[in-house]
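*Asks:* sequence plus predicted model, see below.
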Amino acid sequence: MRDPRFGRNALVGYVLGTTPSFKDKANFVNNPWKEFQVPKAFMLRNCVFLFDFADNDAKQAVLEKRWTFNDHPLILKQWTPEFDPDNLDVSKIPVWIQFPDLHLSLWKPESRQDC
């Protein structure tokens, strides 16, 4: 019988544009995430990982930041029992865009405050 607590503090993660090995992903988790209590990591399928955190606070702290893996976006989502690793939804992903030397007149007024 499945533990009903399993997955309560779990995130599903996958990297767009590259295929990290389990060892690469484990090294990634052990370095930047060490301040959040390193989660248990499981490979669900090639490129799709389950990260099971010890508590909700650690999970939420990781979710609040944007992460990349070798300059590729790491997509993190709350795990659910219905999650299908063969049907990844990438219709909405976070994107960080930088415009070096963007003229100040093109900035929104609220973005220019307190510079």
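*Replies:* Alright, I've got the coordinates.
*Asks:* hey, let's count contacts and neighbours off CA atoms from now on
*Replies:* Fine.
*Asks:* quick check on the residue nearest the centre of the chain: phi, psi?
*Replies:* By CA atoms, centre = their mean, the chain has its centre lying nearest to Leu76, at 3.3 Å. Here is the backbone geometry of Leu76 (degrees, to the nearest 10): phi -120, psi 130.
*Asks:* in the worst-scoring helix or strand of the chain on mean pLDDT, which residues are buried?
*Replies:* Within the chain, no helix or strand scores below helix 22-30, which has a mean of 74 by mean pLDDT, DSSP states H and E. In terms of neighbour count (16 or more other CA atoms under 10 Å), helix 22-30 has its buried residues at Phe22, Lys25, Ala26, Phe28, Val29.
*Asks:* can you check stretch 33-52 too?
*Replies:* Using 16+ other CA under 10 Å as the test for burial, stretch 33-52 gives Phe36, Val38, Pro39, Ala41, Cys47, Val48, Phe49, Leu50, Phe51, Asp52.
*Asks:* quick check: next helix or strand after the one helix or strand the fourth one maps to?
*Replies:* Applying DSSP states H and E as the criterion places Ala41 in strand 40-45. If you walk from strand 40-45 toward the C-terminus, the next helix or strand you reach (DSSP H and E) is strand 48-52.
*Asks:* listing partners with orientation, what would you give for that following strand?
*Replies:* strand 10-15 (antiparallel), strand 40-45 (antiparallel) (DSSP bridges).
*Asks:* give me the contacts around the first one.
*Replies:* Contact partners of strand 10-15, identified using CA atoms under 8 Å, 6 or more residues apart in numbering, comprise 47-53, 59, 68-69, 72-79.
*Asks:* measure how far that strand is from the centre of its chain, please.
*Replies:* Average the C-alpha atoms of strand 10-15, do the same for its chain, and the two points are 6 Å apart (CA atoms, centre = their mean, to the nearest Å).
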